[in-house]
Each structure stands twice: as C-alpha cells, then as structure tokens.
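Chemist: Here's my sequence, what's the structure:
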Amino acid sequence: MSVLPIPASGLPDGAVMPDHTLSIVVPMYNEAENVEPLLVRIHQAMERYGQPWEVVLVDDGSTDATVSEIRRLAAHYGPHVHAVELVRNYKQTAAMQAGIDAARGDVIATIDGDLQNDPYDIPRMVYRLLSEDLDLVVGWRKDRQEGFFMRRLPSRIANALIARVTGVRLKDYGCSLKVYRGNVIRSVKLYGEMHRFIPAWLATVTTPRRIAQEVVTHHARIHGQSKYGISRTFRVVLDLVFMYFFMRYRTRPGHFFGGIGIVLGALGSLILAYLLCLKLLFAEDIGTRPMLFTGFFLLIAGVQMVTSGVLAEMLARVYHEANGASAYVARPQPAPSDNDGWLRPSRPS
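Modeler: As a prediction, the model looks like this:
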C-alpha cells in the first residue's frame, strides 16, 4: 500500500476552527485499490482536526472488490466511517447525492476516491468557509497532474464555457474537492451530470459572493483507471443547456418558451393573414398552397411551445424536488451502535 507524503495543514498560525461537525463524502466506483490508502490519508489529515467528523463512503455499484473493502475498513475504523451501497452504477452525480443525503455534518466536504485530491486541503477549506462566512469553497487544481491535450486543455475550454453560460466565474468546475455548508447543499437536488455545475446550481439559492475558490494539491492517479470518456462530454453539454435555461428562467419559464412560441405563432399568423388577403381581395385559390400548411404548422407549434414546454419543465422540477424523488436506490445499512458515529477529538484529562 502506497501512501503519499504528509504536507502541512495550511491553516493560518493561531487559527481556531469554529465549532461544527464535518462529513467527508467520497463517491467510489471500481476503486478497490484506493479505499485503504484513501482512508489512511483522511485519518492522517484529520488527526488533529479538533472537531467531530465522519466519512461517508459511497459505492456506486462497483464491479470489483470496492464494496468489500469499504465494509472491511468501515468495521476496522469504527462507526465514524459509514458505507452507502448503491444497487447499481448510477454515475457520479447520483452517488454524490446519496452521500450528501447520508451525511449528518453542519459542513460537508466532497472528495474523489482516486487519491488525486488531497484530504490535507480539507481543514484549510473548512476554516475558510466558516471564518469568511461562505456557503461553498471550490478546489482549484492549479498545478494539475494530467495530460495537457486530453484533459487539461478540454477542461480549460469547458470551465470557460460554463463560467460564461452560468455567470459564476470559477477556474475549475471539475474539481470534486469542495466544501459546503450542509444546509445549503441539502437545499438542492443533483441529477444528470449536475455535480460539475454545483457552484452555478447553488448560486440559484445563495449568491456568487458567498462562493470562493481555493488552490488545492492535485496528484497523479496511482491505482485504477479514469472513468472519464468522450460520452461524458455530450452529457455535460446537454446539462449545460439545461443549466442555462434554469438559471435564466427558473422563476419565469414562460418567458423562454413563450418567446419562441410567440415568434413561431407570429410567423404562422402572418402567413395565414397573407393567404386570407389573397382569398378575399383577389379570389385566389389557397387550398392547395404549401404556405397554408406552413402557416397552420407554425401557429400550432407556437402554441405547443408555450404550453407543452412549460408543462414538461415544471413537471420535471416537481418530480425531482417537491415530491422528494431520488436519483438512486441504496441498500439498507445497520443503525449506528451506542457510539453516535462521530470521531470526536480526545480531551486532555
């Protein structure tokens, strides 16, 4: 088992961490070789944390020994290490939502399970969140340890595009290492590929002024394979389109669909009015003209854009939020023992 060298905590000299409870959420998929070194690393980073904390490991339907490793190590470390086992692979966003749902902390940190994020950055990010009264601190992998053309360049383009579309200016949307106020992240629901848009998503319930970014350490992958492929790019583009709509029109969706509908309906109405003038003023036969069908088509399409589009969007929002619909199904886990499930700092006698 390889363990990375231990850096300094990064907290300012004399800094006192405000009272809180912390949940560290780790979605994992086929990361059997990384479970143990990651937990070792987390416990090293949190050894002198001084506040109650827990780890929530989410197995996203792994096909290797990840779930058995999580079970073994959860039993080894004790009740502050919790397991959430999804019945199949729901992808990263749903796995992250499952971990957030299971987390109990006032503050929630999310981190990848591949050892590329460094748990030693978590205390510093939590301190900044609480001391500066923020709702979200986003990790920025300034010195990213990955290929330029296959990963870093596409990531820079994507970050610039997302920032422009959403209006939330960040340099690294894709970094999984983020620290949230629990009540804020619990106020939204994640689905699709929305985990990479969380800062923009949260900006709909808070304000960009309460979102900050922090330079974090990034390591090269040691074990396992990357789960990112070209197919994810297309899913991200589709979710970005939805994000643009939701952020601009979430409280007035009729303005979006209605605008398109009015344009289509106006074109259809003009065509039909023109044909009506030909019929009434010049007694021309318009029954076989293609423009007649085009006019009716545009008019009907305009009405449908206003009604069907708004109805579909609002039904989707009701399904995912008002009814408490979930994007995953998890296996039931035994209740915590007499220990309340937090690893609390030892107090001097």
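
Chemist: how far out from the middle of the chain is stretch 82-95?
Modeler: Taking Cα atoms, centre = their mean, to the nearest Å, one finds stretch 82-95 lying 14 Å from the centre of the chain it belongs to.

Chemist: next one: stretch 204-223
Modeler: Its chain's C-alpha centre and that of stretch 204-223 lie 12 Å apart, by Cα atoms, centre = their mean.

Chemist: What mean pLDDT does that stretch get?
Modeler: In this model, stretch 204-223 has a mean pLDDT of 85.

Chemist: buried residues in that stretch?
Modeler: 206, 208, 210-214, 216-218 (16 or more other Cβ atoms under 10 Å). Just so you know, the C-beta spots here come from the backbone N, C-alpha and C atoms, and that holds for glycine as well.

Chemist: Stretch 70-78 now?
Modeler: Across stretch 70-78, burial judged by 16+ other Cβ under 10 Å covers 70, 73-74.

Chemist: of those residues, closest to residue 183?
Modeler: Distance to residue 183 across the buried residues of stretch 70-78 (Cβ to Cβ) is lowest for residue 74, with 26.5 Å.

Chemist: Quickly note the distance from that closest one to residue 121.
Modeler: To residue 121, residue 74 is 24 Å away according to Cβ to Cβ, to the nearest Å.

Chemist: Now do the helices for the protein: every range, in order, please.
Modeler: Counting by DSSP state H, the segments of the chain that form helices are 32-45, 66-77, 92-102, 121-131, 153-166, 182-185, 198-202, 230-249, 253-282, 290-317.

Chemist: Among these, which comes closest to residue 346?
Modeler: Nearest of these to residue 346, taken as Cβ to Cβ: helix 32-45 at 13.8 Å.

Chemist: how big is the angle separating the closest one from helix 66-77?
Modeler: If you take axes from the mean of the first three to the mean of the last three Cα atoms, to 10 degrees, helix 32-45 sits at 30 degrees to helix 66-77.

Chemist: Next one: residue 131, what pLDDT does it get?
Modeler: Per-residue pLDDT puts residue 131 at 95.

Chemist: Check residue 339 too.
Modeler: pLDDT recorded at residue 339 is 64.

Chemist: tell me which helix or strand of the chain sits lowest on mean pLDDT?
Modeler: Sorting the helices and strands of the chain by mean pLDDT, DSSP states H and E puts helix 230-249 at the bottom, at a mean of 72.

Chemist: So which bits of that helix are buried?
Modeler: For helix 230-249, a neighbour-count test (16+ other Cβ under 10 Å) marks 236, 239-240, 243-244, 246-247, 249 as buried.

Chemist: Same question for stretch 80-99.
Modeler: By neighbour count on 16+ other Cβ under 10 Å, the buried set for stretch 80-99 is 80-86, 89-99.

Chemist: Distance check, residue 28 against residue 217.
Modeler: 20 Å.

Chemist: I'd guessed residue 239 sits against residue 198; true?
Modeler: No: at 11.5 Å, residue 239 does not count as touching residue 198 under the criterion of Cβ atoms under 8 Å.

Chemist: residues touching residue 139, list them.
Modeler: 117, 121, 125, 172, 175-178, 213-216 (Cβ atoms under 8 Å, 6 or more residues apart in numbering).

Chemist: if we go to 10 Å?
Modeler: For residue 139, the contact set (Cβ atoms under 10 Å, 6 or more residues apart in numbering) comprises 109-111, 117-118, 121-122, 125, 172, 174-179, 213-218.

Chemist: now it, which residues is it bridged with?
Modeler: Beta-bridge pairing for residue 139 (DSSP bridges): residue 214.

Chemist: roughly how far apart are it and residue 304?
Modeler: As defined by Cβ to Cβ, residue 139 lies at a distance of 44 Å from residue 304.

Chemist: and if you look at residue 173?
Modeler: Residue 173 sits 34 Å away from residue 304, going by Cβ to Cβ.

Chemist: Looking at these two, which is more packed in?
Modeler: residue 173 (24 against 14; other Cβ atoms under 10 Å).

Chemist: What pLDDT does the model give the more buried one?
Modeler: Turning to residue 173, the model gives it a pLDDT of 86.

Chemist: Equivalent analysis for the one 10 residues further on, please.
Modeler: Residue 183 is assigned 93 on the pLDDT scale.

Chemist: Likewise for residue 95?
Modeler: pLDDT, read off for residue 95, is 96.

Chemist: cool, and the one 3 residues further on?
Modeler: Residue 98 is assigned a pLDDT of 96 by the prediction.

Chemist: Does it touch residue 85 like I think?
Modeler: Yes: if you go by Cβ atoms under 10 Å, residue 98 and residue 85 touch, sitting 9.3 Å apart.

Chemist: Pull up the overlap in contacts between these two.
Modeler: Residues within reach of residue 98 and of residue 85 at once, by Cβ under 10 Å, 6+ apart, are 58-60, 330.

Chemist: Would you point out the most distant pair within the residues you listed?
Modeler: 60 and 330 (10.2 Å).

Chemist: Identify the contacts common to the two.
Modeler: Each of 84-86, 90, 94-95, 98-99 lies in contact with both residue 60 and residue 330 under the rule Cβ under 10 Å, 6+ apart.

Chemist: Closest to residue 66 out of the residues you listed?
Modeler: residue 85 (9.7 Å).

Chemist: From residue 333, how far out is that closest one?
Modeler: Relative to residue 333, residue 85 is positioned 7 Å away (criterion: Cβ to Cβ).

Chemist: And the nearest residue to residue 88 once chain neighbours are set aside, its phi and psi?
Modeler: Leaving out its chain neighbours, the residue that sits closest to residue 88 by Cβ to Cβ, 6 or more residues apart in numbering is residue 61, at 4.2 Å. Dihedral pair for residue 61: phi 70, psi 40, per degrees, to the nearest 10.
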